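> starting from these lines, generate the structure:
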Amino acid sequence: MLATYEILVIVMLGSFIGLIFTGFPIAWVLAGLAVVFSVGGVLASQYLGWDTYFLSNWRIFGVIVQRIYAQMSNWVLVALPMFIFMGLMLERSGVAERLMVDFSRLFGRFRGGLGLAVVVIGILLAASTGIVGASVVLLAVLSVPIMLEQNYSPSFATGVVAASGTLGILIPPSIMLIIMADQLSLSVGNLFMGALVPGLMLGGLYILFVLVAARLINGLAPAPTDLPPVTASLVGTTLLHVIPPLLLILAVLGSIFMGIATPTEASGLGAFGATLLALANGKLSLPVLKDVCYKTSITTAFIFGIFLGATAYAVVLRQLGGDEFIAHILQSLPFTPGGIVIAILFMAFIAGFFLDWLEISLIMLPLVAPVVAALGFDLTWFVVLFAVSLQTSFLTPPVGFSLFYVKGVVPSTVTTQMIYKGVIPFVMLQVLAVALVYIWPQLVLWLPKVAYG
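You can find the predicted model right below:
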């Protein structure tokens with residue numbers, strides 16, 4: 001028979017899942033449930049004599065405040081607004097537009113060449129921005145009209161764009177990895193190093209799929225016939241335009257990996273470097289700077305709003321015994337330790353259909369990570385594996401944000417069904433990447449081991 005605290009945990013989790021579908025802001029849902037269940041738990045304990053586990057007096061509110069203060073005092077989180085600023089300023093710098101023109105001329109002359117250009121630019125944007133929304137919208141605006149003009153399949157064109165734009169959530173510097181490191185008290189540098197190889201591997205799988213599918217399926221991504229020939233001048237210009245973002249990537253990630261700067265310090269370097277790129281390209285002005293600062297503030301406020309609500313929710317859930325309840329449920333599954341990890345990843349995959357990566361990272365990950373650590377697995381490996389699985393949350397309906405981003409900027413002739421159809425192969429590739437990282441943990445652990453021994 002379930003104890004009272006276990007019933008409250010189930011009701012609290014069920015209330016959150018139910019309220020998601022009301023359309024009410026997630027941050028307020030989380031914070032509201034924290035208040036309701038903390039008050040309810042205290043009253044039930046004091047006046048009804050219920051066994052509400054640790055939740056037995058009004059000091060729970062002091063615990064919530066202390067936990068929020070401790071979270072906000074973490075200097076690692078300063079990197080969030082700086083990397084957001086870096087990504088938004090790089091979006092306005094004109095770098096991606098130049099690369100799209102050059103890569104289209106260089107790669108676009110064979111089947112799937114434009115798709116290849118989109119993936120390569122997506123990888124570069126991922127390693128220098130980390131803002132999925134900005135990357136997806138920018139790639140869609142720049143490439144989808146060109147691909148449709150060249151008779152590419154609308155599903156294929158939008159699928160490539162939606163998937164390539166999501167690489168920024170995994171390839172460092174990744175906002176998601178910063179938040180995960182903060183939640184589990186892990187090294188951001190270790191997670192960045194661990195995620196680099198899987199992120200590039202996923203980009204490589206995208207490239208391989210684009211080239212193979214374009215070659216095998218006639219009419220999917222035909223080669224244009226009106227492009228000028230490749231010249232040494234075109235190759236030189238392309239390399240010249242690739243160098244600035246590469247230098248920015250090396251400055252940010254290189255300073256972290258070599259131990260020269262912390263992620264927080266490197267984020268400031270990245271923001272300054274992106275501003276210099278915008279200035280060098282003649283794109284920097286007071287209105288641009290004002291707009292970037294405004295969008296940085298809005299995005300940061302959105303993230304921290306959910307962050308604070310999730311922190312309060314997690315404190316109450318734990319005070320009700322939620323972590324012990326989840327651990328008991330997972331450990332009682334009739335699986336091997338590896339099977340339990342697979343079950344957790346499957347739950348994260350299903351949750352990605354309805355929740356954003358942020359809610360999953362803040363609520364689900366802190367509950368399951370201690371169980372995984374107790375089973376003897378390396379937490380850096382598991383967190384990166386978990387992060388790879390969360391890639392799918394951007395592409396799976398009904399709450400796949402990349403799908404909405406693409407639909408909002410493509411021509412009206414491209415339907416939602418076309419976009420859904422286009423992302424299916426890339427979701428399968430993401431699942432394949434999860435399987436590869438699960439089978440070969442060294443894909444994650446090799447680079448940190450080489451760097452730190």
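
> low-confidence stretches in the chain?
Applying pLDDT under 70 to the chain picks out residues 1-5, 43-58, 108, 129-130, 225-227, 399, 452-453.

> in it, which residue is closest to the centre?
With distances taken as CA atoms, centre = their mean, Ile169 lies nearest the centre of the chain, 3.0 Å away.

> my read: that one touches Trp357, true?
Yes - look at Ile169 against Trp357 with CB atoms under 8 Å: they come within range, at 6.5 Å. Bear in mind the C-beta positions are built from the backbone N, C-alpha and C, glycine included.

> anything in contact with each of these two?
Common contact partners of Ile169 and Trp357 (CB atoms under 8 Å, 6 or more residues apart in numbering): Met176, Leu390, Phe394.

> how close does the closest residue to the second one other than its chain neighbours get to Ile363?
Meaning Leu390. With sequence-adjacent residues excluded and distances taken as CB to CB, 6 or more residues apart in numbering, Leu390 is closest to Trp357, at 4.5 Å. According to CB to CB, to the nearest Å, Trp357 stands 11 Å off from Ile363.

> for Phe103, same thing?
Distance from Phe103 to Ile363, by CB to CB: 39 Å.

> relative to Ser361, how far out is the residue nearest to the centre of the chain?
10 Å.

> what do these two both touch?
Common neighbours of Ile169 and Ser361 (CB under 8 Å, 6+ apart) are Met176, Leu390.

> what ranges do the helices span in the stretch 201-350 of the chain?
232-257, 263-280, 286-319, 322-331, 337-351 (DSSP state H, counting those that start in this stretch).

> with mean neighbour count added, can I get those in JSON lines?
Formatted as JSON lines, the helices of the stretch 201-350 of the chain follow (neighbours: other CB atoms under 10 Å):
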{"stretch": "helix 232-257", "mean neighbour count": "16"}
{"stretch": "helix 263-280", "mean neighbour count": "21"}
{"stretch": "helix 286-319", "mean neighbour count": "18"}
{"stretch": "helix 322-331", "mean neighbour count": "17"}
{"stretch": "helix 337-351", "mean neighbour count": "17"}
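
> of all these, which one is nearest Gly400?
Across the helices of the stretch 201-350 of the chain, Gly400 has its closest neighbour in helix 337-351 (12.5 Å, CB to CB).

> among Trp357 and Ile363, which residue is more densely surrounded?
Trp357 (27 against 24; other CB atoms under 10 Å).

> residues contacting that one?
Here Trp357 is in contact with Ile169, Met176, Leu390, Ser393, Phe394 (CB under 8 Å, 6+ apart).

> tell me the spacing between the second one and Leu367.
Spelled out, it's Met176. Counting by CB to CB, the gap from Met176 to Leu367 is 17 Å.

> who's more crowded, those two?
Met176 (23 against 19).

> spatially nearest residue to the more buried one (excluding sequence neighbours)?
Met176 sits nearest to Ile169 (CB to CB, 6+ apart), 5.0 Å away.

> mind checking how far that neighbour is from Asn151?
31 Å.

> also Gly422?
Gly422 is 15 Å from Asn151, by CB to CB.

> higher neighbour count, these two?
Gly422 (24 against 11).

> show me the contacts for that one.
Contacts of Gly422 by CB under 8 Å, 6+ apart are Ser153, Pro154, Ser155, Phe156, Ala157, Thr158, Gly159, Val160, Ala162.

> using a markdown table, lay out these together with secondary structure, distance to Leu443 and neighbour count.
Below are the contacts of Gly422 laid out as a markdown table (DSSP: H, G, I helix; E, B strand; the rest coil; distance: CB to CB, whole Å; neighbours: other CB atoms under 10 Å):
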| residue | secondary structure | distance to Leu443 | neighbour count |
| --- | --- | --- | --- |
| Ser153 | coil | 32 | 20 |
| Pro154 | helix | 34 | 19 |
| Ser155 | helix | 30 | 20 |
| Phe156 | helix | 28 | 23 |
| Ala157 | helix | 30 | 29 |
| Thr158 | helix | 29 | 30 |
| Gly159 | helix | 25 | 30 |
| Val160 | helix | 24 | 32 |
| Ala162 | helix | 24 | 29 |
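
> nearest to Lys407, of the residues you listed?
In terms of CB to CB, no member of these lies closer to Lys407 than Thr158, at 8.3 Å.

> am I right that that closest one is in contact with Val414?
Yes - with contact defined as CB under 8 Å, Thr158 reaches Val414; the gap is 6.1 Å.

> tell me where the stretch 301-450 of the chain has strands.
Remark: no strands are assigned in the stretch 301-450 of the chain by DSSP state E, counting those that start in this stretch.

> okay, now Pro198: neighbour count?
Around Pro198 there are 23 residues (other CB under 10 Å).

> quick one, whichever strand or helix holds Ile10 and helix 322-331 angle?
Following DSSP states H and E, the helix or strand that holds Ile10 is helix 4-20. For helix 4-20 against helix 322-331, the angle by axes from the mean of the first three to the mean of the last three CA atoms, to 10 degrees is 90 degrees.
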